[in-house]
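>>> Starting from these lines, generate the structure:
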Amino acid sequence: MIRFNCDYAEGAHEMILRRLMETNLVQTPGYGEDEYCEQARETIKKACGREDAYVQFLVGGTQANLTVIDAALRTHQGVIAACTGHINVHETGSIEACGHKVLAVNGRDGKVEAAQVEKMCEAHIHDDSFEHMVQPKMVYISNPTEIGTLYSKAELEELYRVCKKYGLYLFLDGARLGYGLMAEGNDLDLPSIAALCDVFYIGGTKVGALFGEAVVILNPALKEDFRYIMKQKGAMLAKGRLLGIQFQALFEDGLYFEISRHADQLAMKLKEAFIEHGCTFLAESVTNQQFPVFKDTELEELGKDFSFTYQERVDEEHSAVRFCTSWATKEEDVDALIEKIRNLR
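You can find the predicted model right below:
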């Protein structure tokens, strides 16, 4: 079985494993206060063009999301997200479990629009019962989104402008950030994201690491006591050096961007095969996630040799699914899938 159902099916890039072995018996302080984490922080700050960035390493995406959001919000405040957003759909109510409501909006192409944020804030401000309602205080977005779409720099600028106007924090989930940065047509980079967000994170788990996310905090109000919240949420890894070493390796000599580009290029090769077969798409994606629509009978045939993720039913005979490439996807596996698609009857 060849797996295309996610981008974290493999272990880690060999460079990371080599570095972990090389440093395995080195003694260091714990909890991310070691020299490797400090070096990785400096590397990430340089890549973002922000010496004032506050960088902390957490283990996984859900953990990063709930820790950042809980650290930022008071008990009466909530976070605006697209209805397809990860915190609204795939995190088992972790945000609500921490006492904060997810204020979901029907985002177009999986994205939260500035106009939607403004409308929600205005509605709250001018409602006579505003003190009886959850106060919007943060906007959560993913880039790429859960359906593989990207924010443009202009969209992020407008979203940040509205957030500043109404005193909201803008938080960008970057679990798949590398695949977004290296996608064809993308006009964002790390410095522009750092300039247009209060906090974001650089995903490692889905982009070559064994595990790990680098949370980058730009807003001074969110830096205070953040490590207290990390500890409280079980997000302070005792062997924190394992995270720093991995991000050092990922950001040395552009490895993070190189392996992200690899995944995107193979996804585009797959996309061409889907189009050639006559597939339509649930969403137009230029990233490592592709959402073609197939006949159910065709999916049954493909499923004999390939693993993918069911997304949603389109009609009585067709379903949308997700094929996901990764930093570790082999071109020969993509070619095998393409050959199978071409032979479908």
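
>>> Domain ranges for this protein, per the record?
Domain assignment for the chain by automatic domain parsing gives 2-6+256-342, 26-253.

>>> between those domains, which one is nearest to residue 16?
Proximity to residue 16 (C-beta to C-beta) singles out domain 26-253 among the domains of the chain, at 4.7 Å. (Glycine included, C-beta is placed from N, CA and C.)

>>> end to end, how far does the closest one reach?
24 Å (C-alpha to C-alpha, to the nearest Å).

>>> In CSV, list the domains of the chain along with mean pLDDT and mean neighbour count.
Shown next, in CSV, are these (pLDDT from 0 to 100; neighbours: other C-beta atoms under 10 Å):
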stretch, mean pLDDT, mean neighbour count
domain 2-6+256-342, 96, 18
domain 26-253, 97, 20
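
>>> Tabulate those (a markdown table), appending distance to residue 19.
Below are the domains of the chain laid out as a markdown table (distance: least, C-beta to C-beta, whole Å):
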| stretch | distance to residue 19 |
| --- | --- |
| domain 2-6+256-342 | 14 |
| domain 26-253 | 5 |
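
>>> for this protein, which residue is closest to the average position?
residue 175 (2.5 Å; C-alpha atoms, centre = their mean).

>>> Check whether it sits in a helix, strand or coil.
Recorded secondary structure, residue 175: coil (DSSP: H, G, I helix; E, B strand; the rest coil).

>>> for residue 141, same thing?
From three-state DSSP, the assignment for residue 141 is strand.

>>> now it: how far from residue 9?
For residue 141, the distance to residue 9 equals 26 Å [C-beta to C-beta, to the nearest Å].

>>> Equivalent analysis for residue 341, please.
Taking C-beta to C-beta, one finds residue 341 at 20 Å from residue 9.

>>> Then residue 49?
Counting by C-beta to C-beta - residue 49 and residue 9 are separated by 33 Å.

>>> Kindly report the same for residue 218.
Residue 218 sits 33 Å away from residue 9, taking C-beta to C-beta as the criterion.

>>> Extract the C-alpha trace of stretch 124-134 and format it as PDB.
Extracted as PDB, the C-alpha positions of stretch 124-134 are listed here (Å, rounded to 0.1, in the frame of the first residue of the first chain):
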ATOM      1  CA  HIS A 124     -20.800  42.600  18.600                       C
ATOM      2  CA  ILE A 125     -20.100  46.300  19.300                       C
ATOM      3  CA  HIS A 126     -23.600  47.500  18.400                       C
ATOM      4  CA  ASP A 127     -25.600  44.700  20.000                       C
ATOM      5  CA  ASP A 128     -27.300  45.900  23.100                       C
ATOM      6  CA  SER A 129     -26.600  42.500  24.700                       C
ATOM      7  CA  PHE A 130     -22.900  42.600  23.900                       C
ATOM      8  CA  GLU A 131     -21.800  41.900  27.500                       C
ATOM      9  CA  HIS A 132     -23.900  38.700  27.400                       C
ATOM     10  CA  MET A 133     -22.000  37.400  24.300                       C
ATOM     11  CA  VAL A 134     -18.500  36.000  23.700                       C
END
